[in-house]
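Participant: structure, please.
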Amino acid sequence: MGRQILCLSSQTSLTPACRYSVRVSPQMANRIVDSARSILNKFIPDIYIYTDHMKGVNSGKSPGFGLSLVAETTSGTFLSAELASNPQGQGAAVLPEDLGRNCARLLLEEIHRGGCVDSTNQSLALLLMTLGQQDVSKVLLGPISPYTIEFLRHLKSFFQIMFKIETKPCGEELKGGDKILMTCVGVGFSNLSKTLK
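Facilitator: Have a look, this model is predicted:
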């Protein structure tokens with residue numbers, strides 16, 4: 001897997017990412033950034049991670065921190081990964097270093113998976129294709145997530161839409177994991193409350 005990710009680094013750049021913290025020490029930000037960089041700098045040197053620390057009234061009432069990372073491919077596709085600390089009193093405490101490293105690994109996994117949409121947003125793309133015009137829509141995805149599989153079942157139940165699924169094996173042109181081309185004809189959904197002239 002490491003070799004395939006290295007192949008992707010020439011086609012992928014990291015766009016500005018954001019690390020945020022509220023009602024915790026500002027030092028948490030630096031710890032998250034350093035740990036994320038320790039993973040990502042092995043693949044690409046120009047990484048920009050901005051920090052945003054909120055305190056006082058503007059920060060709300062819940063302390064915590066998180067990291068959003070975004071990678072842009074040379075073809076203009078954005079792939080992202082995001083992690084946040086557990087709310088106070090819910091679940092185990094998360095160290096900033098662990099959060100930064102885990103988020104960086106999630107981003108590398110999204111890059112390896114590839115496709116035009118990251119795994120978090122696969123279902124949104126498929127929903128928009130379903131509701132679109134009564135014409136053929138296509139999208140190239142990486143391996144389908146379990147959430148997306150269940151979402152496809154819901155689309156079939158509610159809209160009677162079935163997708164044509166074609167597997168595109170990883171080759172010279174398609175780096176990373178195997179890709180899936182999803183094709184459907186939209187239902188032509190329109191807003192019924194919209195007044196007609």
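Participant: quick check: which element contains Ala29?
Facilitator: helix 27-40 (DSSP states H and E).
Participant: elements contacting that helix?
Facilitator: strand 12-22, strand 49-54, strand 64-73, helix 96-113 (3 or more Cβ pairs under 8 Å, 6 or more residues apart in numbering; DSSP states H and E). Every C-beta, even on glycine, is put in place using the N, C-alpha and C of the backbone.
Participant: now the shortest one, how far from the centre of its chain.
Facilitator: Okay, so that is strand 49-54. Centroid separation for strand 49-54 versus its chain: 20 Å, with Cα atoms, centre = their mean, to the nearest Å.
Participant: tell me what angle that strand forms with helix 27-40.
Facilitator: Using axes from the mean of the first three to the mean of the last three Cα atoms, to 10 degrees, the direction of strand 49-54 lies 160 degrees away from that of helix 27-40.
Participant: tell me the angle strand 49-54 makes with strand 64-73.
Facilitator: Put simply, strand 49-54 runs at 150 degrees to strand 64-73, going by the same axes, to 10 degrees.
Participant: mean confidence (pLDDT) on the helix holding Ala29, please.
Facilitator: Confidence over helix 27-40 (mean pLDDT, whole number) is 93.
Participant: what's next to it, contact-wise?
Facilitator: Residues from elsewhere that reach helix 27-40, judged by Cβ atoms under 8 Å, 6 or more residues apart in numbering: 14, 17, 19-21, 47, 49, 51, 53, 65, 67, 69, 96-101, 103-105, 107-108.
Participant: buried ones in it?
Facilitator: Residues of helix 27-40 classed as buried: Met28, Ala29, Arg31, Ile32, Val33, Ser35, Ala36, Arg37, Ile39, Leu40 (neighbour count, 16 or more other Cβ atoms under 10 Å).
Participant: same question for stretch 77-85.
Facilitator: Buried, per 16+ other Cβ under 10 Å, within stretch 77-85: Thr77, Leu79, Ser80, Ala81, Leu83, Ser85.
Participant: convert that stretch to CSV, retaining C-alpha atoms only.
Facilitator: Extracted in CSV, the C-alpha atoms of stretch 77-85 (Å, rounded to 0.1, in the frame of the first residue of the first chain):
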residue,chain,number,x,y,z
THR,A,77,-10.7,16.3,-7.3
PHE,A,78,-10.8,17.1,-3.6
LEU,A,79,-10.5,14.2,-1.1
SER,A,80,-10.9,14.9,2.6
ALA,A,81,-10.6,13.4,6.0
GLU,A,82,-11.7,14.8,9.4
LEU,A,83,-11.5,13.7,13.0
ALA,A,84,-12.6,15.4,16.2
SER,A,85,-12.0,14.6,19.9
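Participant: work out for me the element Thr148 sits within.
Facilitator: Here Thr148 is assigned to helix 146-159, by DSSP H and E.
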